[in-house]
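Novice: I would like to see how this sequence folds:
(2 chains)
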Amino acid sequence: MSKKRILVIDDEDDIREVAKLSLEMVGGWEVLVARSGAEGLATARAETPDAILLDVMMPEIDGPATFRKLQEDPVTREIPVILMTARVQAADRQGFKNLGVTSLIAKPFDPMQLASQVSEALHWD
Amino acid sequence: MVVPTRTKINLGFGLTLAFLAVISVFTYRESLLSIQAVGWVNQTHETLEQLSTVLSLVLEAENARRGYVLTGDRSFLDRYDAIPTRLASSLQRLRESTAGRPEQQAHLDELEPLIRRKLENLATSIQLRERQGATTAEQESMTREGKKITDQIEFLDGELRAQQGTLLTERTARSQVSARRAVEIALLGSFLALVTILTLLLMFNIDISKRRHAEEVLRSSQERFRSFVENAPIGIYRTTPAGQILMANPALVRMLGYKDLAELTLRSLEGQDFEPSYPRQEFRERIEREGEVRGLETAWRRRDGSTIFVRESGRAVRGESGEVLYYDGVVEDITEHKRAEEALEASARQLAQAIDLARLAEWEFDVASGLFTFNDRFYALYGTAAEREGGYQMSAETYAREFLLPEDVHVVADAIARSQATADPNASHQLEHRIRRRDGEIRHVAVRISVIRDPQGRTIKTRGVNQDITARKRAEEALLEERYLLHTLMDNVPDYIYFKDLDSRFKRISIGLARSFGLSDPAQAVGKTDFDFFSDEHARQAYADEQGVIRTGRPMQAIEEKETWPDGHETWVSTTKMPLRDAQGRITGTFGVSRDITPRKRAEQALQESEERYRDLAENAAELIQSVSPEGQLLYVNRAWRETLGYSAEEVPHLHVRDVVHPERLPHFQEVLDSVMQGKAINDVETVFVTKTGERIAVQGSVNCRLVDGKPVAMRGIFRDVTARLEIERLKNEFVSTVSHELRTPLTSIRGALGLLTSGMLNADPAKARRMLDIALGNTDRLIRLINDILDIERIESGRVKLEMRSCSAASLMAQAEDSVREVANKAGVKLELFPTSGNVLADSDRIVQTLTNLLGNAIKFSLPGMAVTLSAKRSDDEMLFEVRDQGRGIPADKLGVIFERFQQVDASDEREKGGTGLGLAICRSIVDQHGGRIWVESQLGRGSSFYFTLPLVKEQVETSVPEASPGQRTVLICDDDLSIRAVVQTLLEQHDYCVLAAGSGKEAIEQATARQPDVILLDLLMPEMDGWETLAALRERPETRETPVIILSVLPPRETRKSDGKVAGWVQKPVDEGQLFQTLSAAISRSSKPARVLVVEDDLDLARVIQAVFERHGNTVIHAQTGREAIQSAQRVLPNLVVLDLVLPEGDGFEVVAGLRCCKALRSVPLVVYTAKDIDAAERERLKLGETVFLTKGRISPEEFERRVIGLLDRLMSG
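Specialist: Next up, the predicted model:
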């Protein structure tokens, strides 16, 4: 089985870098990154990663909008999406869950646990 | 035969006209003939004239020839030559005039050749004369022949003339005859016409006199007739065929009761005017049929409506063709006669009735046999007949059994017995009893009994007459019954019933009313009026009402009346008043029913008052109060409700719940109403109303239901408008959510980076580890800024930061701001330009510098290297306008409105790239708002942005206060003619705790320097009037300033100073480099500073190490204390030159330390730097004052800033 490929979409350079390092080193996966919703959509379509880690708060196309566009596209529809958000109030969480994403990871995250959180959510053993 | 005058006239005129016509024709004809005859006479005259002409011409020709022949004079020939032509024409005319006359034509036929021969003869004679001269022989012969011809001509002429003469005579005679005849005919005709007209006139006159006579006769006849008609005792009339009265005599007018004939002639016998009992149609038909009607007796109606009986005769007056022109008739009033007849008839009828009555139901009772004998009428009365009862006799027992009611038997028996017992033979007895007829019907009879006795006085027979009185009896009974009912009603009903007469006097009242009047017996009220019982006011009103009913006949129904009584108390009744009518329908009074409704009225009043009270409460309540019908219709809402929802009171009754509850919330609200209708009250209703204009109003409140007899009648709700509160809550949640997100974002990076570092995974890769550290550090800074900003804005907006408003120089504020961003600008390669203006603003300088710094920082962030950022100020009448302009990318129009909101960066990613917190502009706005200024932005995409804000201007005051240096403070005099330079440098120096004197010219500098003796002078070189060098020289000449160090501040580069320039302590080139300036200043001021002892009180060891390193680097001794107690002990031991104090400490906090140090005299005025993360208010600052005290906030100033401030302070202290 080849290496899992995971796409991280976040407009925060630092978070993107930390997450990438964390997933590469701890999860041992190949990590693609995108710095905006638009870039993320293009990458997802081109690379069809195994999973997408998607930030909620982004300028222009935000996380939920990106997710909806992924769902609309037959190429990317099947890719599981995990939302990352710093908005952790109960109402916000419920709203995100209702979108139909696979899982939700709260920021700040533990870089040593991030990979396992993702695996768990996606049932990767 | 009688010929009418008109026919005669016509005939006469016709004849006359005929005569005249005939005369005209004849006269005309004769005139024509006469004219013709005259014509012919004339013609004859003309012929004769022509003949003469011809003859004379012939003679003239002869004479001419003779003259020529005799004389040979050719002039004779000239006359001759014209003659033949003229002859020809005369002959021609002669022929024309005699045309139609053969005999004359024949003469002419002869004449013409003769004339031709004559002419030829003449011509030959002339020719002869011409050829031969006067040869007499030949001429003789010619003359003779000529004479012969002439004679013939004359003969013919004579003939012709004779003929014409005869003709003339003839014709003249004929003409005269014609003329005479015409005159005769005319005369004759005129005479005839005259005769005819005369005859006519005669006849006409005869006719007129005849007619006059006839008229005379007629008139007198009419007079007689009129007199007869006018005075006749009987009525006479003439009507049109249609019945319209044309004429009626006074007797008829009187008879019918009219005023005069004119009034009567408006009427018609046909119509309803007289309502004749005999139809006029038939009347006319009868006249048609019988020629006339005689003695018809009918009834007519008079004008006053009464009836008269008349006997009428009538006939038709017909026209020539037999059509009816009029009806004439005579009418005789036979009313009296008729009445008499009727009376007669009536009496006859009465007689007949009497006779009939006499034949009553008779019986006879024979005492001896005990048998009754009845007649037929008796049986008829009893509904039977003799045949059925087996004869006219019947035993008393049978009679009683068959026909009497058992309870009446003894009544009858008693009566008979009584009558028999009476002694008086003439006495008659009466009784009434009931009988049962054969058909079972019960009837009443009246019996009159008489007794027949024998001479001894014994009763032999009893006779009686029975009369059926059932009808009377029943009427009596009905009357009794009604009376009984009425009494029962009047004596039992508690309602007030009364009957009054036309004058409103009581005729009868019910017992209830009598009681209310205080009477024991209703009869006492009879004849009295309301005035006897009520107050005058009420009685008058009642009287007026009743008279109204009487007058109009209209009842007053169920009116509510307030009764006032003489003692002043009031009662209420509901009254109906009706007109009282007799059998004929005439109003004879009034009656009415009233019911006492006083208790109800009082209850209503009480209810109304109570409702008014509560309504008043509800109306003025701040809550929204509404009442809704079970159908959802709004019944009542209070003012707050109307005002909040925007409806007028008039609109409310048309509103339904669904109009005011938001459609989304309607089902829920309906559920609430439904459960409330079950009788439940709900106290925690939350719903949303919609205003008239469509705005949402969130409300909370309670709803309950008013039940009447267990049925819901209204649902009442009281609500509070919680829209604003909910909005605040929403905003708060939104803010918390946003802030938490903003805080978590840098924390995510920090947590992630440190997590990876800590795991040791990066040990093998130092570059990655280093990178993670940078990330952690950078985000830590960002987090600190963010927290500071959040706290800042929160404090400013909540008003917890009290702005220290002072009059500040705008230029100074701008210089300070520029100073703090210069380094950043330099790094970014952005040019900073400053255009200050003079003038003071009322401001908290720190806050305005913060604002300017913020705006400048943003401008620099969004500028590319090489671009310029400008800070300028402009003053208007009452405010200062600051502008920060950049040439960056600009702001999209849709963002201009929101960029002053929190976390509303134009591009969220800017925050990371440019290191902003998203709160900078929000803070700026808060600060400017608090200053009473305005802030806004103008921008063009790609061209740059301008941020503006205004501050209130301080009215220009003469700056009288001269800065005074505090103890230990150095004084610097700056002399520059450029205000902005002065302002910038002054600001810089003041920031470094120098006391600054400013001078705009050399002269001023010398004055100030002499007066104040500053520690150092900064001197511009290029100045008008007195330049730097001259000033320097002047300073050197004065003893007060001779030794004062002077630093040259110039755009010129340093150069060797001349001997004469005196001592120059240093040279700072413009633009001013801050570092260089202070270095030079420090150098210039005597550097006698000794190493200082600094006590650092800080419980955080890491931070303490950092601070210690700073001081040691500058050659100072640092003593560290970790707790409050330790700090006081150390201070007392070492007597530090400066104390750096954290406030949050174990074992006694910073305040206690200060208090402790104050107790020691040696330490009371030790300079102090309070370095803490805690925000300190004014009171706290006061408690922390020691010697010179500086407050620095951890996180708010950078480590570099900290170092600069504390070392600067220390230097100054040590050099002082």
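
Novice: now the residue positioned nearest the centre of chain A: closest residue in space, sequence neighbours ignored.
Specialist: Geometric centre of chain A, nearest residue: A:L53, 0.9 Å, by Cα atoms, centre = their mean. Leaving aside its sequence neighbours, A:L53 sits nearest to A:V8 (Cβ to Cβ, 6 or more residues apart in numbering or on different chains; 4.7 Å). The way it works is simple: take the backbone N, C-alpha and C, and place the C-beta from them, glycine included.

Novice: and the residue nearest to the centre of chain A, that's in a strand?
Specialist: Yes - assessed with DSSP: H, G, I helix; E, B strand; the rest coil, A:L53 lies in a strand.

Novice: and the helix or strand hosting B:G1156, how far out from the chain's middle?
Specialist: Using DSSP states H and E, B:G1156 maps to helix B:1150-1159. Relative to the chain's own centre, helix B:1150-1159 is displaced by 82 Å; criterion: Cα atoms, centre = their mean, to the nearest Å.

Novice: which residues touch the helix or strand following that helix?
Specialist: Sequence order places strand B:1168-1172 as the next helix or strand after helix B:1150-1159, per DSSP H and E. Contacts with strand B:1168-1172, where a contact means Cβ atoms under 8 Å, 6 or more residues apart in numbering or on different chains, come from B:1098, B:1107, B:1138-1144, B:1150, B:1154, B:1176, B:1184-1194, B:1202, B:1205-1206, B:1209.

Novice: that older thread, from chain B, how far off is the residue nearest to A:L53?
Specialist: Applying Cβ to the nearest Cβ, to the nearest Å, the value for A:V8 to chain B is 12 Å.

Novice: end-to-end on stretch B:1035-1051?
Specialist: This stretch, stretch B:1035-1051, spans 21 Å end to end (Cα to Cα, to the nearest Å).

Novice: buried sites along that stretch?
Specialist: Neighbour-count burial for stretch B:1035-1051, with 16 or more other Cβ atoms under 10 Å in any protein chain shown as criterion, is recorded at B:1035-1036, B:1041, B:1044-1050.

Novice: average model confidence for stretch B:361-368?
Specialist: For stretch B:361-368, mean pLDDT rounds to 85.

Novice: one step back: which members of the buried residues of stretch B:1035-1051 occur in helices, if any?
Specialist: Residues of the buried residues of stretch B:1035-1051 located in helices (DSSP state H): B:1035-1036.

Novice: closest one of the buried residues of stretch B:1035-1051 to B:C808?
Specialist: Of all these, B:C808 sits closest to B:L1049, with 23.4 Å by Cβ to Cβ.

Novice: quick check, the closest one in contact with B:V1068.
Specialist: Yes - using Cβ atoms under 8 Å, B:L1049 makes contact with B:V1068 at a distance of 5.1 Å.

Novice: spit out the residues that contact these two alike.
Specialist: Shared contacts of B:L1049 and B:V1068, counting by Cβ under 8 Å, 6+ apart, come down to B:L1018.

Novice: would you pull up the residue in the stretch 1101-1216 of chain B closest to chain A?
Specialist: At 20.1 Å from chain A, B:G1195 is the closest residue in the stretch 1101-1216 of chain B, using Cβ to the nearest Cβ.

Novice: so that residue sits against B:E1201, correct?
Specialist: No - with contact defined as Cβ under 8 Å, B:G1195 does not reach B:E1201; the gap is 11.4 Å.

Novice: quick one: least confident helix or strand in chain A?
Specialist: helix A:90-98 (a mean of 76; mean pLDDT, DSSP states H and E).

Novice: got the contact list for that helix?
Specialist: A:56, A:64, A:83, A:85, A:87, A:104, B:733, B:737.

Novice: wait, a strand at the third one?
Specialist: Yes - membership of A:L83 in a strand is supported by three-state DSSP.

Novice: I'd like to know how many residues surround it.
Specialist: Number of residues near A:L83 (other Cβ atoms under 10 Å in any protein chain shown) recorded here: 24.

Novice: what residues does it make contact with?
Specialist: A:54-56, A:63, A:67, A:96, A:99, A:101, A:103-105.

Novice: and these as CSV, adding neighbour count?
Specialist: As requested, the contacts of A:L83 are exported to CSV (neighbours: other Cβ atoms under 10 Å in any protein chain shown):
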residue, neighbour count
A:L54, 27
A:D55, 28
A:V56, 23
A:G63, 24
A:F67, 24
A:F96, 18
A:L99, 15
A:V101, 21
A:S103, 18
A:L104, 18
A:I105, 17
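
Novice: chain neighbours aside, what residue packs nearest to the residue of the stretch 1101-1216 of chain B closest to chain A?
Specialist: Leaving aside its sequence neighbours, B:G1195 sits nearest to B:I784 (Cβ to Cβ, 6+ apart; 4.7 Å).

Novice: okay, the one you found: pLDDT?
Specialist: pLDDT, B:I784: 87.

Novice: likewise A:Q117?
Specialist: A:Q117 carries a pLDDT value of 91.

Novice: so what secondary structure elements neighbour the strand or helix carrying it?
Specialist: Secondary structure assigned from DSSP H and E places A:Q117 in helix A:111-122. Judged by 3 or more Cβ pairs under 8 Å, 6 or more residues apart in numbering or on different chains; DSSP states H and E, helix A:111-122 is in contact with helix A:13-22, strand A:51-55, strand A:81-85, strand A:103-106, helix B:723-759.

Novice: now do the fourth one: everything it contacts.
Specialist: What it means is strand A:103-106. Contacts to strand A:103-106, defined as Cβ under 8 Å, 6+ apart, come from residues A:53, A:82-86, A:88, A:93, A:96-97, A:114, A:117-118, A:121-122.

Novice: now those residues: which count as buried?
Specialist: Buried among the contacts of strand A:103-106 (16+ other Cβ under 10 Å): A:53, A:82-86, A:96, A:114, A:117-118, A:121-122.

Novice: what sits against the residue nearest to the centre of chain A?
Specialist: If you count contacts by Cβ under 8 Å, 6+ apart, then A:L53 has A:6-10, A:19, A:23, A:82, A:84, A:105, A:118 around it.

Novice: most tightly packed of the helices and strands packed on helix A:111-122?
Specialist: Comparing the helices and strands packed on helix A:111-122 by mean neighbour count (mean count of other Cβ atoms under 10 Å in any protein chain shown), strand A:51-55 comes out on top with a mean of 26.

Novice: can you mark which positions in the following helix or strand past that one are buried?
Specialist: Per DSSP H and E, strand A:51-55 leads on to helix A:63-72 as the next helix or strand towards the C-terminus. Of the residues in helix A:63-72, those buried by neighbour count under the rule 16+ other Cβ under 10 Å are A:63-64, A:66-67, A:69-71.

Novice: of the contacts of strand A:103-106, closest to B:T373?
Specialist: Among these, and counting by Cβ to Cβ, the member closest to B:T373 is A:K97, at 126.1 Å.

Novice: give me the distance between that closest one and chain B.
Specialist: The gap separating A:K97 from chain B is 16 Å, by Cβ to the nearest Cβ.

Novice: which bits of chain B sit near chain A?
Specialist: Contact residues (Cβ under 8 Å from any Cβ of the partner chain) of chain B with chain A: B:733, B:736-737, B:740-753, B:755-756, B:759, B:761, B:768, B:771-772, B:775, B:778-779, B:907-909, B:912.

Novice: for chain B, name the helix or strand with the lowest mean pLDDT.
Specialist: Per mean pLDDT, DSSP H and E, bottom of the list for chain B is helix B:908-914, a mean of 48.

Novice: buried ones in stretch B:758-772?
Specialist: For stretch B:758-772, the neighbour count (16+ other Cβ under 10 Å) marks B:761-762, B:768-769, B:771-772 as buried.

Novice: which among those gets closest to chain A?
Specialist: Relative to chain A, the closest of those is B:M761; by Cβ to the nearest Cβ it sits at 5.4 Å.
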